[in-house]
Structure formats: structure tokens, C-alpha cells
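In: no sequence for this one, just the structure:
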């Protein structure tokens with residue numbers, strides 16, 4: 001039985017169960033019926049478009065992160081095998097680590113800041129070509 005039907009069946013049962021309670025107490029159970037109606041509206045509520053878009057966006061981000069992880073794994077494999085095979089590569093990477101390590105270990109905000117600095121330097125370099 002589909003989940004939606006189960007919930008609707010439960011709502012009908014809850015409504016029917018309120019009848020004997022009202023009979024015993026000789027009073028209309030307004031609060032109980034209001035809670036059943038509130039529960040019914042929550043169960044039958046269709047997610048808003050923004051919720052669906054958020055879920056789609058989260059799935060897209062997860063997909064991109066998975067893709068980046070695969071690429072990083074390939075880069076790691078290439079670097080590891082090259083370092084093992086060529087001592088000169090190991091020496092070059094070691095001697096230049098002060099340049100590339102901060103970029104690799106930076107947060108996304110630090111990378112954006114670094115990228116904007118590089119673009120500013122490139123722009124200044126382009127301007128100096130014409131002087």
C-alpha cells in the first residue's frame with residue numbers, strides 16, 4: 001500500500017476514534033479534532049518548489065563534490081607515482097612547497113582571495129605592457 005494511502009487511512013481512523021471519546025465525555029473534542037486536522041494537513045502537504053529546488057541543489061553539490069574527489073584522487077595518484085619514479089620531481093615539489101601548499105590547503109574563501117590577487121596582478125601586468 002502506498003505511503004500516502006496509509007497516512008490517509010490513519011487520519012480516518014483518528015477521526016473515527018474521536019467519536020467514542022466525545023460520546024464518553026459528552027463534549028465535542030474540538031482540540032482533538034483540530035490536532036487531527038493539523039496532522040492531516042501536514043501529511044498531505046506537497047513540498048514547496050523552493051524545498052525541491054534546495055534538494056536538487058544539494059544533490060548537484062554532492063555530485064560535483066564526488067566528481068572533484070575523483071579528480072583529486074587521480075591527481076594524487078599521478079603525483080605519487082611521479083615522485084616515486086623521478087627524484088628530481090620530488091626535489092622540485094619540496095623546494096616549491098611554500099608556493100603550492102598554501103593554495104592546496106586553503107579554504108574556499110582564502111582561494112577566492114588568492115584568485116582575486118592573481119587577477120589584480122595579471123591586470124597590472126597587462127597595463128604595464130602598454131607603458
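Out: Arrived safely, thanks for sending. Quick caveat: nothing in here was measured; it's all calculated off a predicted structure. Residues are numbered from 1 along each chain as shown.
In: alpha carbons only for contacts and neighbour counts from here, please
Out: Fine.
In: which stretches of this protein aren't confidently modelled?
Out: When the per-residue scores of the chain are filtered using pLDDT under 70, the ranges that remain are 1-5, 7, 47, 51-52, 123-131.
In: In it, which residue is most central in space?
Out: A centroid search over the chain (Cα atoms, centre = their mean) returns residue 58, at 3.8 Å, as the residue closest to the centre.
In: Which of the residues in the helix or strand containing residue 98 are classified as buried?
Out: Per DSSP states H and E, residue 98 falls inside helix 97-105. Neighbour counts using 16 or more other Cα atoms under 10 Å place no residue of helix 97-105 among the buried ones.
In: That helix - contacts with which helices or strands?
Out: Of the remaining helices and strands, none touches helix 97-105 by 3 or more Cα pairs under 8 Å, 6 or more residues apart in numbering; DSSP states H and E.
In: List the buried residues in whichever strand or helix holds residue 15.
Out: Here residue 15 is covered by helix 3-25, with elements defined by DSSP H and E. Neighbour counts over helix 3-25 (16+ other Cα under 10 Å) mark 11, 14, 18 as buried.
In: Can you add distance to residue 119 and give the residues you listed back as JSON lines?
Out: Putting these into JSON lines (distance: Cα to Cα, whole Å) gives the following:
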{"residue": "11", "distance to residue 119": "61"}
{"residue": "14", "distance to residue 119": "65"}
{"residue": "18", "distance to residue 119": "69"}
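In: Select the longest helix from the chain.
Out: Looking only at the chain and at elements set by DSSP state H, the helix with the highest residue count is helix 49-85.
In: What are the buried residues along that one?
Out: In terms of neighbour count (16+ other Cα under 10 Å), helix 49-85 has its buried residues at residue 83.
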